[in-house]
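Undergrad: When you get a sec, could you give me coordinates for this:
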Amino acid sequence: MASVLLPLAEGFEEVEAVALIDVMRRGGIEVRVVYLEDELHHGRLVTGANGISVQADMSIKNVVSDDFDMMVLPGGWGGTYALAEHARVIELLKEFKANKIVGAMCAAPFVLKKAGVLGSNYTCYPGAEDEIDHPGYRDDMKVVEDGNVMTSQGPGTAVCFGLAIVKKLVGEESMQAVKDGMLLDYC
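TA: Model (predicted):
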């Protein structure tokens, strides 16, 4: 079974995180949600940008990269900045980029840039490319794949991003089954 690591930091974009987790799990992917141990204010609950809390499965300090096929970051500037400043997140992104897949959406490609793993073609939330300050920004696609780096634009593209991840890790048939089951006629 494919396995994805999804770290959450205070101020993450809730729609993106929950849509990604939901779609990937529907597609048969094991998703492990992790919190940053220095943010352990409310047990394993991590609060997003709009005041919605999500319970994480474990601390990032207990993550072994060999247990996962991909690492995906939801956006939201608060969470993005916290992820970008967290040494273990940066270390894991570099480990994953070497022989696995990394993904980020909305503002989170900023973290990929900071870790030195952002591809030469990417997308992000419109306007965030100025702060990301990396050549290769594309605004013509909801999801951009560049080798083993996947990026997406924002809350409205989270389901499409989740489907693209299912397709990449599990296959076209599983992706189509999830899409049909969710009554999606876009993506």
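
Undergrad: Now do the helices in this protein.
TA: Along the chain, counting by DSSP state H, helices occupy 14-26, 77-84, 87-99, 109-115, 128-132, 158-169, 172-181.

Undergrad: wait, which of those is closest to Met71?
TA: With Cβ to Cβ as the criterion, Met71 lies closest to helix 87-99 of these, at 4.6 Å. C-beta here means a position set from N, CA and C on the backbone, and glycine is covered the same way.

Undergrad: List the buried residues of the closest one.
TA: By 16 or more other Cβ atoms under 10 Å, the buried positions in helix 87-99 come out as 88-90, 92-93, 95-97.

Undergrad: Spell out which two among the residues you listed are the most distant pair, please.
TA: Greatest spacing in these, by Cβ to Cβ: Arg88 and Lys97 (14.9 Å).

Undergrad: which sections of this structure are below the confidence cut-off?
TA: Where the chain drops to pLDDT under 70, the residues are 38-43.

Undergrad: can you rerun that using 90?
TA: Applying pLDDT under 90 to the chain picks out residues 37-45, 185-187.

Undergrad: still on that earlier bit, quick one: which of the helices of the chain is nearest Leu5?
TA: For those, the distance to Leu5 is smallest for helix 87-99, at 7.3 Å, taking Cβ to Cβ.

Undergrad: tell me the angle of the closest one relative to helix 77-84?
TA: Counting by axes from the mean of the first three to the mean of the last three Cα atoms, to 10 degrees, helix 87-99 lies at 80 degrees to helix 77-84.

Undergrad: Show me what helix 87-99 is packed up against.
TA: Applying 3 or more Cβ pairs under 8 Å, 6 or more residues apart in numbering; DSSP states H and E, we find helix 87-99 packed against strand 3-8, strand 70-73, helix 109-115.

Undergrad: right, and those - which one's nearest Val15?
TA: strand 3-8 (13.1 Å).

Undergrad: Alright, I will stop here.
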